[in-house]
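Enquirer: Okay, here's the prediction I keep looking at, along with the sequence it came from:
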There are 2 protein chains.
Amino acid sequence: MPRAGLDPAAVVAAAADLADEVGLPNVTMALLATRLGVRAPSLYKHVSSQAEINRRIAVLALTEVGDELRDALQGRSGRDALTAAAQTIRAYVVKHPGRYAATMRLDARSPEDPVAVAGARVLGSLRAVLAGYPVDPDGTVHAMRMLRSVFHGFALIEAGGGFEMDTDVDESFTWLIDFLHRGLSRPEAPGSGG
Amino acid sequence: MPRAGLDPAAVVAAAADLADEVGLPNVTMALLATRLGVRAPSLYKHVSSQAEINRRIAVLALTEVGDELRDALQGRSGRDALTAAAQTIRAYVVKHPGRYAATMRLDARSPEDPVAVAGARVLGSLRAVLAGYPVDPDGTVHAMRMLRSVFHGFALIEAGGGFEMDTDVDESFTWLIDFLHRGLSRPEAPGSGG
DNA sequence: CGAAGGAAGCTAATGCCATTAGCTTTTAGC
DNA sequence: GCTAAAAGCTAATGGCATTAGCTTCCTTCG
């Protein structure tokens, strides 16, 4: 019986693909092993547990999104950058729902944790988007959290089919980007506007 | 051996409490049965499956949030209403993380589905908040989706401990509400602002 | 008051899951 | 070619949701 020639990265990559296809909760060790032409216990020669697989799928996802964001933001600023970032994230989640699901419910314990490293790169891109807007330094963290929240939430609801189908989701997404752009474009005046 | 005197509502209520205490994924039939002073198979006399329990926890959560939103919005409009709604949702998620978790990954098939009914009440409250702002009718759906996304996303990240602790989350939340208020307060001018 | 029947509990069993133990085979390095 | 680690395997364990089938309680009706 020939060897399958696996290694941790191959196992995680297959698990990530499987998660996108059948949903993260349905990625069992047995199913993953079948996909790799191997029996389930053999996977433990490469990864320590299912939890580690989930964790490494999350790192993979954050790294991939980070790369795509970096590329998409090249040479863009202001509204172009905001639009590119938003569309990049949304497209990734739609294309890779399983990978995306793995990024939820994570706790990065130390700054050198791969999850934290990959996550920081994504946050760096959000920060770069904000650099094109007159957001004061004190507000940057808040603005980043807002962007994270709104992109995360939108993706989650869309991926879960939570929007009723009466109104086009693309339209809502465009409206959302426009809303964010307008809000970020005018200097903050705390308490203003009403 | 005396009867436990259970019924579907009691089982679901106990499951919801348990979910808030130990986390939704840790609510097993055996643990829930122990809590109710019963053996696991006995639960099937009242609910058909764990999936049904999760579904009914979600309905419970949406109903409770809907009630709290209705109360919180009484006599308020504009910024007050927006603030009240946002704080109500956030407080509920912090207090009932397990119930909240159950509302994710739901699919309401028909309009008379209890999930859809309870969800519609929550959306109605968001619509009421928007009524105090000059959002044109075409934009209302988009604005509701935005509010849903941003509250959902913020709650999810906060509940998952995803915000680094350097900057106060309360401050970010206040900033967020202010941002939304300012954006909603000025009539939309598509494409403006950049 | 007492019997009947359904409701609500129980134990036992099934099948899936992740994971561990311990054995065998391949393959890389000498 | 030999050796030893790496990578595969089968078998077993314990937890899980769920089903089958039995027993006991309690209500209702005669």
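Expert: Perfect, thanks for sending it.

Enquirer: any idea how far residue A:27 is from DNA strand D?
Expert: 16 Å (CB to the nearest atom of the strand, to the nearest Å). In short, each C-beta sits where N, CA and C put it, glycine included.

Enquirer: Quick one: residues contacting that residue.
Expert: Counting by CB atoms under 8 Å, 6 or more residues apart in numbering or on different chains, residue A:27 touches A:15, A:18, A:19, A:53, A:98.

Enquirer: Now pLDDT too, for those, in TSV please.
Expert: Putting those into TSV (pLDDT from 0 to 100) gives the following:
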residue	pLDDT
A:15	98
A:18	98
A:19	98
A:53	98
A:98	97
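
Enquirer: Now a PyMOL select for only the buried ones of the residues you listed.
Expert: Selecting only the buried entries of these in PyMOL, with 16 or more other CB atoms under 10 Å in any protein chain shown as the criterion:
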select buried, chain A and resi 15+18+19+53+98
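
Enquirer: Would you check which pair of the contacts of residue A:27 lies furthest apart?
Expert: A:53 and A:98 (11.6 Å; CB to CB).

Enquirer: ok, the residue in chain A that chain B sits nearest to to residue B:74 distance?
Expert: Nearest residue of chain A to chain B, counting by CB to the nearest CB: residue A:153, 2.8 Å away. Here the criterion is CB to CB, to the nearest Å. By it, residue A:153 lies 26 Å from residue B:74.

Enquirer: Give me the more crowded residue out of the two.
Expert: residue A:153 (24 against 9; other CB atoms under 10 Å in any protein chain shown).

Enquirer: Please name the residues that touch that one.
Expert: Residue A:153 neighbours (CB under 8 Å, 6+ apart): B:148, B:149, B:150, B:151, B:152, B:153, B:154, B:156.

Enquirer: any idea of the angle whichever helix or strand it is part of forms with helix B:137-159?
Expert: In the assignment (DSSP states H and E), residue A:153 maps to helix A:137-159. Relative orientation of helix A:137-159 versus helix B:137-159 (axes from the mean of the first three to the mean of the last three CA atoms, to 10 degrees): 100 degrees.

Enquirer: Quick check: mean pLDDT of helix A:137-159?
Expert: For helix A:137-159, mean pLDDT is 95.

Enquirer: Which SSE is immediately downstream of that helix?
Expert: Next along from helix A:137-159, by DSSP H and E: helix A:169-185.

Enquirer: packing partners for that next one?
Expert: Packing partners of helix A:169-185 (3 or more CB pairs under 8 Å, 6 or more residues apart in numbering or on different chains; DSSP states H and E): helix A:78-95, helix A:137-159, helix B:137-159, helix B:169-185.

Enquirer: got the end-to-end distance for stretch A:95-107?
Expert: 24 Å (CA to CA, to the nearest Å).

Enquirer: Now do it: everything it contacts.
Expert: So stretch A:95-107 is in contact with A:16, A:18-24, A:27, A:54-55, A:57-58, A:60-62, A:64, A:92-93, A:115, A:155, A:159, B:156, B:160-162, going by CB under 8 Å, 6+ apart.

Enquirer: Check stretch A:78-93 too.
Expert: Here stretch A:78-93 has contacts from A:61, A:64-65, A:68-69, A:72-73, A:76, A:100, A:125-126, A:128-129, A:132-133, A:147, A:151, A:154-155, A:158-159, A:173, A:176-177, A:180-181, A:184, B:194, using CB under 8 Å, 6+ apart.

Enquirer: List the buried residues in it.
Expert: Those would be A:79-86, A:88-90, A:92-93, for stretch A:78-93 by 16+ other CB under 10 Å.

Enquirer: is it possible to export these to CSV including distance to residue B:11 and pLDDT?
Expert: Shown next, in CSV, are the buried residues of stretch A:78-93 (distance: CB to CB, whole Å; pLDDT from 0 to 100):
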residue, distance to residue B:11, pLDDT
A:79, 52, 98
A:80, 53, 98
A:81, 51, 98
A:82, 47, 98
A:83, 48, 98
A:84, 49, 98
A:85, 45, 98
A:86, 43, 98
A:88, 44, 98
A:89, 40, 97
A:90, 39, 97
A:92, 40, 98
A:93, 35, 97
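
Enquirer: Return the closest of those residues with respect to residue B:48.
Expert: residue A:93 (32.3 Å).

Enquirer: so how far is residue B:87 from that closest one?
Expert: 28 Å.

Enquirer: Can you list the helices and strands that the helix or strand encompassing residue A:120 packs against?
Expert: Under the criterion of DSSP H and E, residue A:120 resides in helix A:114-131. Helices and strands touching helix A:114-131, by 3+ CB pairs under 8 Å, 6+ apart, are helix A:50-73, helix A:78-95, helix A:137-159.
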